[in-house]
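[1] Need coordinates for the below:
(one chain, ligands or ions: 1)
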Amino acid sequence: MTEDIINKKKRIFSGIQPSGNLTIGNYFGALKNFGALQNDYECIYCIVDLHSLTVRQEPKNLRQHSYSVLALYLATGLDPEQNTLFIQSHVSAHAELSWILNCYTYMGELSRMTQFKDKSSKHADNINAGLFDYPVLMAADILLYQADLVPVGQDQKQHLELSRDIADRFNKIYSDTFVIPEPYIPKVGNKIMSLQEPERKMSKSDENENNFVLILDPYDTIIRKFKRAVTDSEKEIRFDPVNKAGISNLMGIYSSATGKSIADIEKEFSGINYGEFKIAVGEAVANELKPIQEKYNSLINEKDYLNEILKDSAQRAEHMARKTLSKVYRKVGLVPRQF
Ligand code: TRP
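    Below you'll find the model as predicted:
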């Protein structure tokens with residue numbers, strides 16, 4: 001109670017999987033906005049390594065990507081004192097609460113998750129129980145911290161909805177235990193689509209690397225990937241996501257990078273050909289990423305510094321998480337530990 005009075009800021013929780021190098025979709029859709037939230041909210045950003053295990057990972061890469069996500073959080077301006085930036089597996093309460101919540105989640109609910117259907121068709125040789133159970137671990141992430149708000153893209157809305165249903169169900173059986181989290185829709189930020197297949201979301205796990213631009217791609221690679229972006233057979237730079245998905249995606253990216261409105265971009269590039277426009281987009285993105293890359297490069301080999309942050313944050317997170325987990329254990333009837 002006293003804690004609630006002193007700390008009136010709403011709490012935000014979000015997670016990023018360390019399952020690949022992050023793309024400009026992660027940047028414009030999430031990271032870039034995170035910096036703007038740190039003064040108004042209490043933010044907890046988790047590197048959800050346990051979620052990544054639902055798809056086969058190279059152990060060495062998984063470890064490296066976890067550090068890489070942390071360094072990117074820092075390079076994009078997140079203050080590690082003001083925000084809690086930690087690794088999911090460092091706080092064992094995530095796995096523990098997830099077990100309890102499993103017993104309050106129905107098979108039917110999980111089978112309706114569209115991401116499970118998509119991923120199981122993509123990884124038909126490895127439809128493991130973790131992949132099926134993924135949304136329950138995500139619910140545990142959010143509910144452990146009593147988060148008020150969760151920034152989510154379209155593809156995670158269904159999972160957040162399920163987290164709310166599980167929380168509500170538990171609260172109804174055992175009295176109020178969990179805060180019911182709301183989706184947080186950022187004021188700015190576009191959904192970034194694949195450069196080669198603009199009907200699909202840009203994904204870091206895509207096989208074709210021309211589909212995505214990484215936050216850490218070198219300048220020339222960024223320009224080259226934009227030059228190759230799929231457009232259409234017209235000549236006009238006009239926003240029409242249905243009929244001109246490629247051009248509209250590029251306009252969205254340019255808008256995210258420059259802060260210009262779509263209407264202004266249509267005016268600016270009226271009469272200009274697609275080739276020139278693509279270079280302009282590539283340059284805007286590459287220039288925005290340059291200082292972030294420099295900061296990242298100066299941080300990524302500072303393992304002691306990064307480990308220090310991971311330690312402090314995990315301790316803070318552990319404290320918050322333990323409180324919820326103990327409450328849950330008590331409510332469902334487990335005997336409290338005597339040591
Ligand atoms: N499922 C999310 C994704 O792939 C990652 C995630 C895990 C997450 N736990 C979360 C996002 C909790 C928000 C809140 O994008």
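
[2] Please list the residues of the stretch 51-200 of the chain that sit near the ligand.
    Contact residues, the stretch 51-200 of the chain versus the ligand (CB under 6 Å from any ligand atom): 51, 138, 141, 142, 150, 156, 159. No exception for glycine: its C-beta is placed from N, CA and C like everyone else's.

[3] Would you point out the most distant pair within those residues?
    By the measure CB to CB, 51 and 150 form the most distant pair in these, at 14.4 Å.

[4] Identify each buried residue in stretch 28-35, please.
    28, 29, 30, 31, 32, 33, 34 (16 or more other CB atoms under 10 Å).

[5] The residues of the stretch 51-200 of the chain next to the ligand in strands, which ones?
    Secondary structure from DSSP state E places residue 150 of these in strands.

[6] Scan the residues of the stretch 51-200 of the chain next to the ligand and report the most crowded one.
    Taking other CB atoms under 10 Å as the neighbour criterion, residue 141 ranks highest of those with 27 neighbours.

[7] Looking at the protein, which residue is nearest the ligand?
    Residue of the chain nearest the ligand, by CB to the nearest ligand atom: residue 15 (3.1 Å).

[8] tell me the SS of that residue?
    strand (DSSP: H, G, I helix; E, B strand; the rest coil).

[9] That one bridge partners, please.
    According to DSSP bridges, the partner residues bridging residue 15 are residue 46.

[10] which residues touch it?
    If a contact means CB atoms under 8 Å, 6 or more residues apart in numbering, then residue 15 has 45, 46, 47, 48, 51, 88, 138, 141 as its contacts.

[11] So for the fourth one, what's the pLDDT?
    Per-residue confidence at residue 48 stands at 98 (pLDDT).

[12] same question, the fifth one
    pLDDT, the model's per-residue confidence, is 97 for residue 51.

[13] In contact with it, which residues?
    Listed by CB under 8 Å, 6+ apart, the contact set of residue 51 reads 15, 17, 19, 88, 134, 137, 138.

[14] Which of the helices or strands spans the fifth one?
    This points to residue 134. Taking DSSP states H and E as the criterion, the element that holds residue 134 is helix 129-144.

[15] Report all helices and strands that that helix contacts.
    On a contact count with 3 or more CB pairs under 8 Å, 6 or more residues apart in numbering; DSSP states H and E, helix 129-144 meets strand 11-16, helix 49-52, helix 93-102, helix 107-111, helix 114-122, helix 157-174, helix 303-332.

[16] quick one: buried residues of that helix?
    Those would be 131-144, for helix 129-144 by 16+ other CB under 10 Å.

[17] possible to save these as JSON lines with pLDDT?
    Formatted as JSON lines, the buried residues of helix 129-144 follow (pLDDT from 0 to 100):
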{"residue": "131", "pLDDT": "96"}
{"residue": "132", "pLDDT": "97"}
{"residue": "133", "pLDDT": "98"}
{"residue": "134", "pLDDT": "97"}
{"residue": "135", "pLDDT": "98"}
{"residue": "136", "pLDDT": "98"}
{"residue": "137", "pLDDT": "98"}
{"residue": "138", "pLDDT": "98"}
{"residue": "139", "pLDDT": "98"}
{"residue": "140", "pLDDT": "98"}
{"residue": "141", "pLDDT": "98"}
{"residue": "142", "pLDDT": "98"}
{"residue": "143", "pLDDT": "98"}
{"residue": "144", "pLDDT": "98"}
